[in-house]
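*Asks:* Below are the sequence and a predicted model for it; my questions follow.
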Amino acid sequence: MSLRITQEVLTQIHQHGQSAYPEEGAGLLLGSTGDEDRVVESILPLTNTREDSARHNRYLISARDMLEGDLEADKRGLEIVGVFHSHPDHPNQPSEFDREWAMPWFSYIITNVQDGVAVASRSWRLTDDREKFLEEEVEINS
């Protein structure tokens with residue numbers, strides 16, 4: 001179980017998290033899926049539409065965002081393979097809130113943004129029983 005991504009796309013994810021700081025930034029991962037592996041080819045950055053008071057530790061991707069993401073992915077010959085979001089001044093591991101709202105068929109890249117600077121990203125998949133996340137290997141290609 002691994003997620004392949006280019007350094008260029010990972011840099012775009014980091015930049016989005018930095019620009020959203022001190023709030024959480026989020027978006028969709030577009031690419032393709034195999035049996036166990038996923039390939040991220042591009043991202044669709046989104047505006048965090050969570051209420052102002054919760055944006056520092058919550059993000060919201062609406063049904064409309066998902067529909068627009070599906071349409072954009074189709075246009076590019078891709079599919080939505082996951083979600084990325086940032087954790088401002090917090091570790092890059094899923095919270096209980098993340099688990100409650102996650103879907104088992106997606107990869108979730110979480111980026112730790114400390115004092116406005118993206119430090120590191122990790123990727124996670126929710127188990128089919130929705131009980132926990134498992135970390136997936138991230139392969140960075142040039």
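*Replies:* Perfect, I can see it now. Since the model is a prediction, treat every value here as computed from it, not as a measurement. Numbering: from 1, shown residues only.
*Asks:* what's the following helix or strand after the strand or helix carrying Arg99?
*Replies:* Per DSSP states H and E, Arg99 falls inside helix 96-101. Downstream of helix 96-101, the first helix or strand assigned by DSSP H and E is strand 107-114.
*Asks:* For that following strand, the averaged confidence score.
*Replies:* Average pLDDT, strand 107-114: 98.
*Asks:* Please work out which residues outside the helix or strand following it touch it.
*Replies:* As assigned by DSSP H and E, the chain's next helix or strand after strand 107-114 is strand 117-126. Strand 117-126 is contacted from outside by 1, 3, 10, 13-15, 17-18, 82, 84, 86, 92-94, 99, 102-104, 106-113, 132-138, using CB atoms under 8 Å, 6 or more residues apart in numbering. Heads up, the C-betas are built off the backbone N, CA and C, glycines and all.
*Asks:* measure Ile61 to Glu51 for me?
*Replies:* Going from Ile61 to Glu51 by CB to CB, to the nearest Å gives 14 Å.
*Asks:* Please identify which of these two sits among more neighbours.
*Replies:* Ranked by neighbour count (other CB atoms under 10 Å), Ile61 and Glu51 place Ile61 first, with 18 against 9.
*Asks:* what's that one in contact with, if anything?
*Replies:* With contacts defined as CB under 8 Å, 6+ apart, Ile61 is in contact with Ala26, Leu28, Leu46, Val83.
*Asks:* Same question for Asp52.
*Replies:* Asp52 neighbours (CB under 8 Å, 6+ apart): none.
*Asks:* Could you rerun that using 10 Å?
*Replies:* If a contact means CB atoms under 10 Å, 6 or more residues apart in numbering, then Asp52 has Glu23 as its contacts.
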